[in-house]
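1. Fold the following.
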Amino acid sequence: MASATMAGMRLPSVLFHSDLPQAELHAARLDGELYRVDQCFSPIDEIESRLLRAKALFLTLPPRLIAEQRSAAWIYGAAGLPTRHQLCADISARVRPATLVALSVREVVIDDEDLDRIAGLAVTTPVRTVVDLARNSLRFDDEELDIICSLMRSGRFGLEECRAVLDRRRNLPHKTLAVERIREAVRRIDSVRQPLHPAVLSGLSPR
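-> Numbering: from 1, shown residues only. Got it, this is the predicted structure:
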């Protein structure tokens, strides 16, 4: 489907205020020509996808930041738009999180295999996203469980793949808690009788 046009101009799939003045973008949204994607806008004939969500976030972030946890889940379509984006930076990247007051940023040790690159944006893989959510969520209720279940079903992975990520680091905080939470998500997947990948089933076996 071709991109929409406005005033005879072909529009990019994602627009930010660097493309058009904010007033014009908001007016076009009110006219039904654009819709919001986080802080950006897309033409109404563009179907929202992980590519569009990642591109919208990429356009608004400082370099070297990585979308993680709820923000990564949003990009993958497993969660709604977070009220505050959760981001991380490799501890060696020399990003200054304290200056990014509108964002939640933490420094982490992260391997290349834990990252996907989507529309230029570094995003934690679905497996790493599940591990981080299970390990770091202060509140862990039905919403978090649903997000993890969605990521595991769409990514077709199970507890064993998550364990492999956890086992790469020695003395990792909250590792046991993460395993229990992920196992709970696997039980939920099983209880609603969704088709399960063999890797998910194997994750239910006690170790």
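
2. Every contact and neighbour count from this point should use C-alpha atoms.
-> Noted.

3. Which residues in stretch 74-90 does the neighbour count mark as buried?
-> 74-79, 81, 85-90 (16 or more other C-alpha atoms under 10 Å).

4. next one: stretch 42-54
-> Buried, per 16+ other C-alpha under 10 Å, within stretch 42-54: 42-44, 46, 48, 50-54.

5. Stretch 142-155 too?
-> Neighbour-count burial for stretch 142-155 [16+ other C-alpha under 10 Å]: 144-153.

6. Turn those into JSON lines, columns for distance to Leu133 and secondary structure.
-> Shown next, in JSON lines, are those (distance: C-alpha to C-alpha, whole Å; DSSP: H, G, I helix; E, B strand; the rest coil):
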{"residue": "Glu144", "distance to Leu133": "8", "secondary structure": "helix"}
{"residue": "Leu145", "distance to Leu133": "9", "secondary structure": "helix"}
{"residue": "Asp146", "distance to Leu133": "11", "secondary structure": "helix"}
{"residue": "Ile147", "distance to Leu133": "9", "secondary structure": "helix"}
{"residue": "Ile148", "distance to Leu133": "8", "secondary structure": "helix"}
{"residue": "Cys149", "distance to Leu133": "12", "secondary structure": "helix"}
{"residue": "Ser150", "distance to Leu133": "13", "secondary structure": "helix"}
{"residue": "Leu151", "distance to Leu133": "11", "secondary structure": "helix"}
{"residue": "Met152", "distance to Leu133": "12", "secondary structure": "helix"}
{"residue": "Arg153", "distance to Leu133": "16", "secondary structure": "helix"}
